[in-house]
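Asker: Generate coordinates for the sequence data below:
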Amino acid sequence: MITDPHRHWQRVGPVAILLFPFSLLFRLLVFVRRGLYRLRLRRSRTAACPVIVVGNISVGGSGKTPLVIWLSRWLEGQGFSPGIVSRGYGGKAHTWPQQVRPDGDPAMAGDEAVLLAQRTQRPVCVGPDRPEAIDALLRYTDCDIVISDDGMQHYAMHRDIEIAVVDGQRRFGNGLMLPAGPLREPLSRLRSVDFVVCNGEPARGEHRMRLGTPQLVSLMPPFHTCEIERFRGRRVRAVAGIGNPARFFDMLRKHGMLVVEQPYPDHHVFSAEDLAFDESLPIMMTEKDAVKCRHLIDDEAWVVSVEAQPDDAFVHRLGQMIETLRSC
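Answerer: This is a model prediction of the structure:
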């Protein structure tokens, strides 16, 4: 079983107490760094078009990717030509930024970037320097608005709208900052964002995001689909190399599957050996993992595709903010 640091971050136990002095140091560094930008001792770079950041203040999966996909499609419906920038975490390219195609290599650009390119069919550019990635995206495409997948803490990038996504199950763990807890920034940071969207049951002041009924897509050609209810009552092997595998396993159980859990670390680089199991069961995997595993599995395997559904109040207020940006 993979050791999950979130197990320690959910409470103030011996591990958190031991690491607490390091959390204080990390908190100080975060305060100083953000202060440099607020005092304009360090400058954010403004892009040639509006930038929307979808991020979080804690480590681990929160549901950002489905919201980025929804946002890209919604912006298209509003008449925009959106593009997406991302860190390209896990990518091993020697030069950055990298333009990402739907058939791109996840080993070069990162799994999330390839998934975003596939699901949105919009231009995607990745690189550790987010303003540089935005410049490259705008140089080679006709994008007129940019979505940054993550990047709330990348203050070198000016942003026009900030959306913080919260995991409704884990919330903020023990409320401590790294490494004693899961927080990248203090909870007070949420007071400065435009939206707090909860993937689950929202707290006061948060918008709710639901994930619609999942659809299953076969991993191998011809990529046919089927209803998830087809596997109700059946044993399946659930493979997940994401920030919060338990959420994926729980979702499958909610739809009646008898789940054999197979968790891996976030952004895990899969090998054929990882997916060679003694017991032959239908394999269920996340979309992010599927982009790395298409050529590694010969057995029956299904990709669990989900769609984000933010609440009406979020959509209405976002529309108002977008119209303000459009008129500037």
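Asker: P50 touches V146, doesn't it?
Answerer: Yes. In this structure, P50 is within contact of V146 by C-beta atoms under 8 Å, at 7.2 Å. Quick note: C-beta positions are derived from backbone N, CA and C, even for glycine.
Asker: Who has more neighbours out of those two?
Answerer: V146 (26 against 22; other C-beta atoms under 10 Å).
Asker: That one pairs with what?
Answerer: V51, G83 (DSSP bridges).
Asker: Relative to T120, how far out is it?
Answerer: Using C-beta to C-beta, to the nearest Å, V146 is found at 13 Å from T120.
Asker: Overlap of the contact sets of the two?
Answerer: 82, 84 (C-beta atoms under 8 Å, 6 or more residues apart in numbering).
Asker: got the domain boundaries for this protein?
Answerer: The record's domain split for the chain, according to automatic domain parsing, is 14-210+309-327, 215-306.
Asker: Make TSV from those and add mean pLDDT and distance to R7 to it.
Answerer: Compiled in TSV, the domains of the chain are given as follows (pLDDT from 0 to 100; distance: least, C-beta to C-beta, whole Å):
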stretch	mean pLDDT	distance to R7
domain 14-210+309-327	94	9
domain 215-306	90	10
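Asker: which one of these is the most hemmed in?
Answerer: Ranked by mean neighbour count, the domains of the chain are led by domain 14-210+309-327 with a mean of 19 (mean count of other C-beta atoms under 10 Å).
Asker: and of the domains of the chain, who's closest to H6?
Answerer: Smallest distance to H6 across those (C-beta to C-beta): 6.0 Å, for domain 14-210+309-327.
Asker: can you give me the offset of the closest one from its chain's centre?
Answerer: Counting by C-alpha atoms, centre = their mean, to the nearest Å, domain 14-210+309-327 is centred 8 Å from the centre of its parent chain.
Asker: I'd like the numbering to begin with 24 instead of 1 from here.
Answerer: Noted, 24 is the first residue going forward, which turns the last one into domain 37-233+332-350.
Asker: Now the terminal residues of stretch 50-70, how far apart.
Answerer: By C-alpha to C-alpha, to the nearest Å, the extent of stretch 50-70 from end to end equals 29 Å.
Asker: I misspoke; the intended subject was stretch 104-112.
Answerer: By C-alpha to C-alpha, one end of stretch 104-112 lies 25 Å from the other end.
Asker: List of residues touching it?
Answerer: 91, 94-95, 98-99, 119-121, 123, 132-133, 135-136, 139-140, 143, 145-151, 153, 156-157, 160-161, 164-174, 290.
Asker: I am finished for the moment; much appreciated.
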